[in-house]
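Novice: Dropping the sequence and predicted coords here.
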Amino acid sequence: MSDPQIIDRQEYNITAYTENQIGLLNRIAIIFSRRKINIESLNTSPSEIDGIHRFNIVIHETEEVVRKIAKQIEKQVEVLKVYYNTNQEVIWQEMALYKVPTDVIAEKASVERLLRENGARAVVIRKDYTVFETTGHREETDALIKVLQPYGLIEFVRSARIAIIKHSDGFNRKLREFERTEPSSEVIENEYLNSRDKVFTM
Amino acid sequence: MLTKEQPAQALREQVTTTISGAEATLRALLAEDVDTIFGYPGGAIIPIYDALYDFKEQLNHVLVRHEQGGIHAAQGFARASGRVGVVFATSGPGATNLVTGLADALIDSTPLVCITGQVFAHLLGTDAFQETDILNITTPITKWNYQITNAEEIPEVLAKAFYIARSGRPGPVLIDITKNAQQQKFEYNGYTPCNHIRSYRPKPIVRPEYIEQAAALINQAQRPFVLWGQGVILGKAEQEFKEFIEKSGIPAAWTILGAGALPTDHPLNVGMLGMHGNYGPNVLTNECDVLIAIGMRFDDRVTGRLDKYAKQAKVVHLDIDPTEIDKNVAATVPVWGDCKETLPLLTQLVDNKTHAEWRQRFEDYQTQEVAAVIQEELFPTSEELTMGEVIQQLNELTQGEAIVVTDVGQHQMVACRYARFNRSRSNITSGGLGTMGFALPAAIGAKFGAPSSTVVAVIGDGGFQMTIQELGTIMQTGVDVKIMILNNQFLGMVRQWQELFNDRRYSFVNIASPDYVTVASGYGIAGKRVTERGELQTALQEMLAHPGSFLLEVMVTKENNIFPMVPQGCSVSEIRLR
């Protein structure tokens, strides 16, 4: 019999808005490592708001685990807000670089066509090798590996995932409330408690 | 120059002067109303100790014998007084010796500010003498930590540290200050206390709809049951809690850190929860229809097997920390907030009830427990002394007014089960981490935190030897702590498990003790050893009446077990009386 917990597992995108603080990466990473959860992808970058950083973390877990982890991250002093979303709820991209021998590429016109079909573009062309780049979902960037493999793919690298939440109106508006000493009830709400579907009703 | 009477307010006023980072650190402590520090000096914190030389009048520094003793003392201070405990330690080994106490304080939500010295900033990461990466070591066991490399940061960071340590769900904060930052002179513009951090939300705004839902659930309940924890004490909501249960007439049981929030003798106090808790509260957890958890976190020692825990009940969970809600037990209604605010709102909406029949069931189980366990433990018919009767005699002499500080093991469970607590903050124990060696230093700290109270440390022969060196702190400070060693010549709780679950294979639990009375006398501490029942009461009276610290060693039954017991992996209703 299969374990329902395993069936319920899927990729979740955790988005955390944080202060730009030394040591915070460690504090957040520990939340995963103490539960023996592997981080599939982790990206940190500035956000649209000056001085506020944004973590994008991808894990493969059940919703229950992700919800608890998101709460734990949000509890950290230097974290302003955390959201978690399934892949369907976000627009996400990963970037990949592929290094192939230039002579093979030059000789085989079909490779060029395949690259065009895969939306790839050349980043560097040298005598000895050429570097292509694609951006997209995992299966898209993976597809090009398979295509290039027979032509002597020398090196491949893929970036961490970045994601933008489809339905959220973003964090920008809420931030102004966070700056205030006495925030309003609107923003102090905890998403995880609010969105619970099993709240008792008479 | 600051005088002893200088109020904290004056220190908060804007003044511009050139001072060192070390002096700024001490000024910050004074501005936060700190008067007692536990610590141990060393090379990397010498500038702060040098500045302390000039502040001896305002700041009482207690020189401990080991940094672990220092932090446990600060924990005892914080738990007894409700204030922030402060610890100083040097870099490297000084700082790493704080680790156990930090972990203990985090899991038991104890507000601490620990200040550690660090090597010069230019040496960071070079494996310099006594350098260790204390920030990364302590990240998982602090509520917040920060390293200061520039003196100018000191006032603001310390203000933040105190605010974080004491607000919301309290916890330990560690501030690491490099030696150059301690020495550096800078233009000091006064101290501004912190009351807001953009990314930190200690206290949620209470949501009335959840209060209403909780009240509706409670009002329709036939068999409601309250479980309370330390959140009631940390939220200073003892009175609000009492009003809530008295109006709603709901029987209430406590976790060990919640003990004392409601007096032991209160008619609605039905006893202790958990592995060695009382029979009725454990069995009836699986029979109540509405479970109201107040400031407690459903620790596994309380719940036993989670998949069989209160499955029949609707759960109302009041907690200030949103991560506790739904963590172990799913809440039907979450009441997120400070229970000082949420309880009065709930009290307004709940009906006046008595639940007489339901309460009777707790009493019936209590009668069974008295017959099967308590009677023999407190009034033994055998010749050997039991831990329970020692606590019982202590109760009679102190009338539940003493602060009881316990270590970890069998004596801890006995003391928590049988000691009477009339007042809040009178039960100090290591709950979540179960730290042996906690009690002696914590009792020292508790006495500094509550000088007018009698402080009795109840300690096993195992735990006492873990921090026995703190007798030196008692000797030097003259602090008045009554030390009661319940000596069963075993690491008793492990022995009990080995007896019950490992076919009596007593693997390394037989522990020899020194002559404690002689050891104490070496430190100038009076003491006595009791082996006979007839001597017990007089010895306890002598201990309590003695001016200053006193060590009383009581030889108790070697192989006595603590019952009732919920064996690990069992449901709370499978609690054993034997």
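Specialist: Received the coordinates, thanks.
Novice: And for the nearest residue to residue B:507 once chain neighbours are set aside, the neighbour number?
Specialist: The shortest distance from residue B:507 to any non-neighbouring residue, by C-beta to C-beta, 6 or more residues apart in numbering or on different chains, is to residue B:498 (6.5 Å). For glycine as for every other residue, the C-beta is placed from the backbone atoms N, C-alpha and C. Close neighbours of residue B:498, defined as other C-beta atoms under 10 Å in any protein chain shown, add up to 18.
Novice: contacting residues around the helix or strand encompassing residue B:498?
Specialist: Using DSSP states H and E, residue B:498 sits in helix B:492-501. Applying C-beta atoms under 8 Å, 6 or more residues apart in numbering or on different chains, the contact partners of helix B:492-501 are B:408-411, B:413, B:460, B:462, B:504-507, B:509, B:559-562, B:565, B:567.
Novice: filter those residues to the buried ones?
Specialist: By neighbour count, with 16 or more other C-beta atoms under 10 Å in any protein chain shown, these hold B:408-411, B:413, B:460, B:462, B:509, B:560-562, B:565 as buried.
Novice: just checking, which of these belong to helices?
Specialist: When DSSP state H is applied, the buried ones among the contacts of helix B:492-501 are split such that B:410-411, B:413, B:462 fall in helices.
Novice: Can you pull the domain assignment for the chain?
Specialist: Picked chain A for this. With domains defined by the TED database, chain A comprises A:10-88, A:91-158.
Novice: ah, no, chain B please
Specialist: Taking automatic domain parsing as the reference, chain B has its domains at B:8-188, B:208-362, B:379-555.
Novice: Give me the contacts around the helix or strand encompassing residue B:376.
Specialist: Assessed by DSSP H and E, residue B:376 sits inside helix B:375-378. Contacts to helix B:375-378, defined as C-beta under 8 Å, 6+ apart, come from residues B:386-389, B:392, B:414, B:418.
Novice: hang on, the earlier thing: next one: the helix holding residue B:498 to chain centre, how far?
Specialist: Distance of helix B:492-501 from its chain centroid, counting by C-alpha atoms, centre = their mean, to the nearest Å, is 25 Å.
Novice: Mind checking the pLDDT average for it?
Specialist: Mean per-residue pLDDT for helix B:492-501: 96.
Novice: neighbouring strands for the longest strand anywhere in chain A, and are they parallel or not?
Specialist: Across chain A, the longest stretch assigned as strand under DSSP state E is strand A:90-101. Here strand A:90-101 has these sheet partners by DSSP bridges: strand A:129-136 (antiparallel), strand A:155-158 (antiparallel), strand A:162-165 (antiparallel).
Novice: So which bits of the second one are buried?
Specialist: Buried residues in strand A:155-158, defined by neighbour count with 16+ other C-beta under 10 Å: A:156, A:158.
Novice: likewise stretch B:114-127?
Specialist: Within stretch B:114-127, the residues that count as buried by 16+ other C-beta under 10 Å are B:114-120, B:123.
Novice: Just the closest of those to residue B:571, please.
Specialist: Taking C-beta to C-beta as the measure, residue B:571 lies nearest residue B:114 of the buried residues of stretch B:114-127, at 39.6 Å.
Novice: Just the helices from chain A, written as ranges.
Specialist: Using DSSP H, helices in chain A cover A:4-7, A:24-33, A:63-75, A:102-107, A:109-117, A:138-148, A:172-179, A:185-188, A:191-194.
Novice: What segments of the stretch 151-300 of chain B are strands?
Specialist: Ranges of strands within the stretch 151-300 of chain B are B:172-178, B:185-188, B:224-228, B:252-254, B:269-272, B:290-294, based on DSSP state E, counting those that start in this stretch.
Novice: Neighbouring strands - and their directions - for the first one?
Specialist: Read that as strand B:172-178. Applying DSSP bridges to the sheet, strand B:172-178 is found paired with strand B:112-118 (parallel), strand B:144-148 (parallel).
Novice: could I get these as CSV with mean pLDDT?
Specialist: Formatted as CSV, these follow (pLDDT from 0 to 100):
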stretch, mean pLDDT
strand B:112-118, 98
strand B:144-148, 98
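Novice: so what's residue A:8 scoring on pLDDT?
Specialist: Residue A:8 is given a pLDDT of 86.
Novice: Turn the strands paired with strand A:90-101 into TSV, including mean pLDDT.
Specialist: Below are the strands paired with strand A:90-101 laid out as TSV (pLDDT from 0 to 100):
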stretch	mean pLDDT
strand A:129-136	94
strand A:155-158	96
strand A:162-165	94
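Novice: now those in TSV, with distance to residue B:57?
Specialist: Listed next are the strands paired with strand A:90-101 as TSV, based on distance: least, C-beta to C-beta, whole Å:
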stretch	distance to residue B:57
strand A:129-136	67
strand A:155-158	64
strand A:162-165	58
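Novice: So what's the residue count around residue B:522?
Specialist: By the criterion of other C-beta under 10 Å, residue B:522 has 12 neighbours.
Novice: distance of it from chain A?
Specialist: Taking C-beta to the nearest C-beta, to the nearest Å as the measure, residue B:522 and chain A are separated by 43 Å.
Novice: same question, residue B:175
Specialist: In terms of C-beta to the nearest C-beta, residue B:175 sits 13 Å off from chain A.
Novice: Pretty sure that residue sits against residue B:114.
Specialist: Yes: using C-beta atoms under 8 Å, residue B:175 makes contact with residue B:114 at a distance of 7.1 Å.
Novice: what is in contact with those two at once?
Specialist: By C-beta under 8 Å, 6+ apart, no residue touches both residue B:175 and residue B:114.
Novice: Now for chain A, the helix or strand with the poorest mean pLDDT.
Specialist: Least confident helix or strand, chain A: helix A:185-188 with a mean of 59, by mean pLDDT, DSSP states H and E.
Novice: what number of residues lie near residue B:370?
Specialist: When neighbours are defined as other C-beta under 10 Å, residue B:370 has 14 of them.
Novice: An error on my part: the question was meant for residue A:19.
Specialist: Burial of residue A:19 is recorded as 17 neighbouring residues (other C-beta under 10 Å).
Novice: Can you tell me the centre-most residue of chain A?
Specialist: Centroid-nearest residue in chain A, with C-alpha atoms, centre = their mean: residue A:161, separated by 3.5 Å.
Novice: Name the nearest residue to it, ignoring sequence neighbours.
Specialist: Spatially, and ignoring its direct neighbours in sequence, residue A:161 is nearest to residue A:41 (4.4 Å; C-beta to C-beta, 6+ apart).
Novice: so which of the contacts of helix B:375-378 are also by chain A?
Specialist: Filtering those for proximity to chain A by C-beta under 8 Å from any C-beta of the partner chain leaves nothing.
Novice: which among the residues you listed gets closest to chain A?
Specialist: Nearest to chain A among the contacts of helix B:375-378 is residue B:414, at 32.9 Å by C-beta to the nearest C-beta.
Novice: For that closest one, which residues are in contact?
Specialist: Contacts for residue B:414 were tallied using C-beta under 8 Å, 6+ apart; they are B:377, B:387-388, B:391, B:486, B:562.
Novice: just the buried members of these?
Specialist: Here, 16+ other C-beta under 10 Å leaves B:377, B:387-388, B:391, B:486, B:562 buried among those.
Novice: Quick check: which ranges of chain A have low pLDDT?
Specialist: A:1-6, A:109, A:183-189, A:195-202 (pLDDT under 70).
Novice: Need phi/psi at residue B:313.
Specialist: In terms of degrees, to the nearest 10, the main-chain angles of residue B:313 are phi -100, psi 150.
Novice: Just grab the bridge partners of the closest residue to it other than its chain neighbours for me.
Specialist: Nearest non-adjacent residue to residue B:313, counting by C-beta to C-beta, 6+ apart: residue B:291, 4.3 Å away. Beta bridges link residue B:291 to residue B:225, residue B:315 when assigned by DSSP bridges.
Novice: Alright, calling it a day.
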